[in-house]
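*Asks:* sequence first, then the predicted structure:
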Amino acid sequence: MNTYWIETPGGGLVVIDVQRDLVHAAQALAAVKAVGKPVRAILITHAHPDHYTGLGLFRQAFPGVPVYSSKATADAIRYDTYGANAGTQADAPDITPREFVAPGVTFDGDTTLKIDGLTIVARELGAGEAPATTAYYLPSTRELFTGDAILNRLHGPLREAHTGPWLGILDRIEAMYPNVTIVHPGHGASGPKEPMFDDERLYLRTCRAIAAEEIARGGFTDAAKAATIRRINARFPYTNPTGNKDIVSDSVDGLFREFSAPSFAPLR
Ligand SMILES: [Zn+2]
């Protein structure tokens, strides 16, 4: 995933997201240290381990630095609500810290942060790619940090079964920030909002449509899942940006769960 650092008017840095394991976090930390400015704050976008596992390493390097996130994100990390900490430890014990650091400065809902002279608008977007996600926006330069609401032409993890709300999030942040200059996605390269927003919508809508077709044809069966996986891989020859071993297969499990929920209303 992407670690970003922003220079503040006060001569420091604000860091956004800190990598999935000790190896990647050490690389990001070296890059941040090479700037030669003190880190004034760390912001976390959402509670997926590829975005917060490096917090301990960063806190060691910059003792006392405040770590910000939404309350939902901090709670998910602190209490390991979704088992992500335990899962990462089981998958990669050699490069995973024993103790996870959770953000200590939390906000509940939308807020505006002032850090070392820098104004950052934090907007809570709710469930989508993750159980909760925060977009951070810099009014001074009109840059938007979307977390994993956008993965620039990479496979997205759809396993949380919220692709419908995720599409809604894309519409909402696009409407919130019509004049954004640069979008910084959770994974993949930064760039202008188009085609990035449309690419993400196309990915989500196409994956949903393929799953719906295969379910209509074969029901909620392993054969329908296998066909969906094959078609998504053929349609999007994207790489897997996450630590998930088989992201498309995980995603299709999620889509089938989402589509079999009693509350699900298919989009036409
Ligand atoms: Zn991610």
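*Replies:* Looks like it arrived, so ask away.
*Asks:* C-terminal to the longest strand along the chain, what's the next element?
*Replies:* The single longest strand within the chain, with elements called by DSSP state E, is strand 143-151. In the C-terminal direction, the helix or strand that comes right after strand 143-151 (DSSP states H and E) is helix 163-176.
*Asks:* let me see the contact set for the nearest residue to A25 once chain neighbours are set aside.
*Replies:* In this structure, A25 finds its nearest non-sequential neighbour in G54, 2.7 Å apart by CB to CB, 6 or more residues apart in numbering. Quick note: C-beta positions are derived from backbone N, CA and C, even for glycine. Contact partners of G54, counting by CB atoms under 8 Å, 6 or more residues apart in numbering, are 3, 18-22, 24-25, 28-29.
*Asks:* residue ranges with poor pLDDT in this protein?
*Replies:* 243, 263-268 (pLDDT under 70).
*Asks:* recalculate using a threshold of 50.
*Replies:* 268 (pLDDT under 50).
*Asks:* do you know how far the most centrally placed residue in it is from G188?
*Replies:* Computing the C-alpha centroid of the chain and ranking residues by CA atoms, centre = their mean puts D148 first, at 2.7 Å. Distance, D148 to G188, by CB to CB, to the nearest Å: 10 Å.
*Asks:* next one: the residue nearest to A25 from the ion, what distance?
*Replies:* As judged by CB to the ion, to the nearest Å, G54 and the ion stand 13 Å apart.
*Asks:* for V67, which residues count as its bridge partners?
*Replies:* Beta-bridge pairing of V67 under DSSP bridges involves I42.
*Asks:* and it, what does it touch?
*Replies:* V67 touches 41-44, 55, 59, 101-105, counting by CB under 8 Å, 6+ apart.
*Asks:* most neighbours of all these, which one?
*Replies:* I42 (28 neighbours; other CB atoms under 10 Å).
*Asks:* does that one touch V15 like I think?
*Replies:* Yes. The criterion here is CB atoms under 8 Å, and I42 meets it with V15 at 4.7 Å.
*Asks:* now for the two: what residues contact both?
*Replies:* Counting by CB under 8 Å, 6+ apart, the residues touching both I42 and V15 are F58.
*Asks:* which parts of this protein sit against the ion?
*Replies:* The chain comes close to the ion at residues 1, 48, 50, 148, 186, as judged by CB under 5 Å from the ion.
*Asks:* which ones among those are found in helices?
*Replies:* D50 (DSSP state H).
*Asks:* most neighbours among the residues of the chain next to the ion, which one is it?
*Replies:* Busiest of the residues of the chain next to the ion [other CB under 10 Å] is H48, holding 30 neighbours.
*Asks:* what number of residues lie near the closest residue to that residue other than its chain neighbours?
*Replies:* Closest residue to H48 apart from its sequence neighbours, by CB to CB, 6+ apart: A130 at 5.4 Å. A130 has 27 neighbours, counted by other CB under 10 Å.
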